[in-house]
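# sequence? don't have it. structure:
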């Protein structure tokens, strides 16, 4: 099965909703500032408390906006700010459990990996043991990241599109969807990942170049510095949206969904032009 139609459809959905990119561009600095403000010196966990708080705060903020983002991509038509806010509130607590599970897997993997490396480093022949333990830790962390980025993403999509309320069954359904279509799911993920690596590589080269040109930037107007700073955030906000949009389009194409199928409680009302085309309602409402 070809992933090209789903990728093109998802790419169009991303470009047709620039307001979502602006929203994530605002949320990224909020997450960083909040994590720094509450993380350093609080001692929430014994290792890297700032990283732990950053993941938790990021999970909470992303859980709030992910429901609205998936709703917008699933229905594939513009929506107003009020409808977006209602959808975010409707799915917030459902998606929060999935985001916290993802933060627990990734944060716990990093923490336990560091502790294992430190433990074996203190034993005899520390270099070889630390190398193999670090390698195994990176492999397990990579598998956990792929699980969070594939299975949990499809669980979020099924939660919003199918209006699921049980996250246990949503994760099971997301895993079942990925297992039944392993080739297409992997190809779509690798395609999105390749684009992400290219964009982040370009961004890394631009950052190195900007460090050499820092003296020139400081001599310019503050608007120039702000422009280059905002330009660096674009790949960070565009890549997650690309993953969500393409996976949503692929999911709807595979299960033959004609459109958005979630509960009517979160769908915006029809436009006035609908009555002109279809005629007035006949049920007395």
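Structure received. Predicted model only: the values in this text are computed from it and were never measured.

# what about the helices in the stretch 101-250 of the chain?
126-161, 167-180, 182-212, 214-219, 222-254 (DSSP state H, counting those that start in this stretch).

# gap between residue 89 and residue 97?
Noted for residue 89: a distance of 15 Å to residue 97, by CB to CB, to the nearest Å. In this view, the C-beta of every residue, glycine as well, is placed from N, C-alpha and C.

# Comparing those two, which shows the higher neighbour count?
Between residue 89 and residue 97, residue 97 has the larger neighbour count (other CB atoms under 10 Å), namely 16 against 13.

# Test my guess that that one contacts residue 166.
No - using CB atoms under 8 Å as the test, residue 97 is too far from residue 166 to be in contact (10.1 Å).

# Among the helices of the stretch 101-250 of the chain, single out whichever gets nearest to residue 6.
Judged by CB to CB, the one of those that comes nearest to residue 6 is helix 222-254, at 3.8 Å.

# residue contacts, residue 249?
When contacts are counted by CB atoms under 8 Å, 6 or more residues apart in numbering, residue 249 touches 5-7, 9-10, 13, 73.

# For those, which ChimeraX command selects only the ones that are buried?
Here is the ChimeraX selection string for the buried members of these, based on 16 or more other CB atoms under 10 Å:
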select :6,7,9,10,13,73
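
# Going by neighbour count, list what's buried in stretch 188-203.
For stretch 188-203, by 16+ other CB under 10 Å, it's 188-189, 192, 195-196, 199, 203.

# related to what we said a few turns ago, tell me which entries of the contacts of residue 249 lie within helices.
5-7, 9-10, 13, 73 (DSSP state H).

# Can you tell me which of those lies closest to residue 184?
Nearest to residue 184 among these, with distances taken as CB to CB, is residue 6, at 8.4 Å.

# Of all the helices of the stretch 101-250 of the chain, which one is nearest residue 22?
Distance to residue 22, taken as CB to CB, is lowest for helix 222-254 among those, at 8.3 Å.

# per-residue confidence averaged over the closest one?
In this model, helix 222-254 has a mean pLDDT of 78.

# Ok, stretch 56-65 next?
For stretch 56-65, the mean pLDDT works out to 79.

# Please report how far residue 179 lies from residue 142.
For residue 179, the distance to residue 142 equals 19 Å [CB to CB].

# Revised request: answer the last question for residue 148.
11 Å.

# Tell me where the stretch 151-285 of the chain is predicted with low confidence.
Scanning the stretch 151-285 of the chain for pLDDT under 70 picks out 207, 210-232, 256-285.

# again, only this time at 90
Along the stretch 151-285 of the chain, segments meeting pLDDT under 90 span 161-168, 182, 193, 196-240, 252-285.

# if we can go back for a sec, reformat the buried residues of stretch 188-203 as a markdown table; add distance to residue 237.
A markdown table is the format used below for those (distance: CB to CB, whole Å):
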| residue | distance to residue 237 |
| --- | --- |
| 188 | 20 |
| 189 | 19 |
| 192 | 15 |
| 195 | 14 |
| 196 | 12 |
| 199 | 11 |
| 203 | 12 |
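
# ok, so of the residues you listed, who is nearest residue 136?
residue 189 (22.9 Å).

# If we ignore the residues flanking it in sequence, what's nearest that closest one?
Using CB to CB, 6 or more residues apart in numbering and skipping residues adjacent in sequence, the residue nearest residue 189 is residue 150, 5.9 Å away.

# what's around the one you found, how many residues?
With other CB under 10 Å as criterion, residue 150 counts 20.

# Please verify my assumption that it contacts residue 187.
No - checked against CB under 8 Å, the pair residue 150 and residue 187 is beyond contact range at 12.0 Å.

# what sits against the residue nearest to residue 189?
By CB under 8 Å, 6+ apart, the contact list for residue 150 reads 178, 185, 189.

# Show the contacting residues for the second one.
Yep, that's residue 185 we're talking about. By CB under 8 Å, 6+ apart, the neighbours of residue 185 are 150, 177-178, 250.

# Please repeat the previous calculation with a cut-off of 6 Å.
residue 178 (CB atoms under 6 Å, 6 or more residues apart in numbering).

# tell me the secondary structure for residue 77?
coil (DSSP: H, G, I helix; E, B strand; the rest coil).

# And the pLDDT for the residue nearest to residue 189?
Residue 150 carries a pLDDT value of 88.
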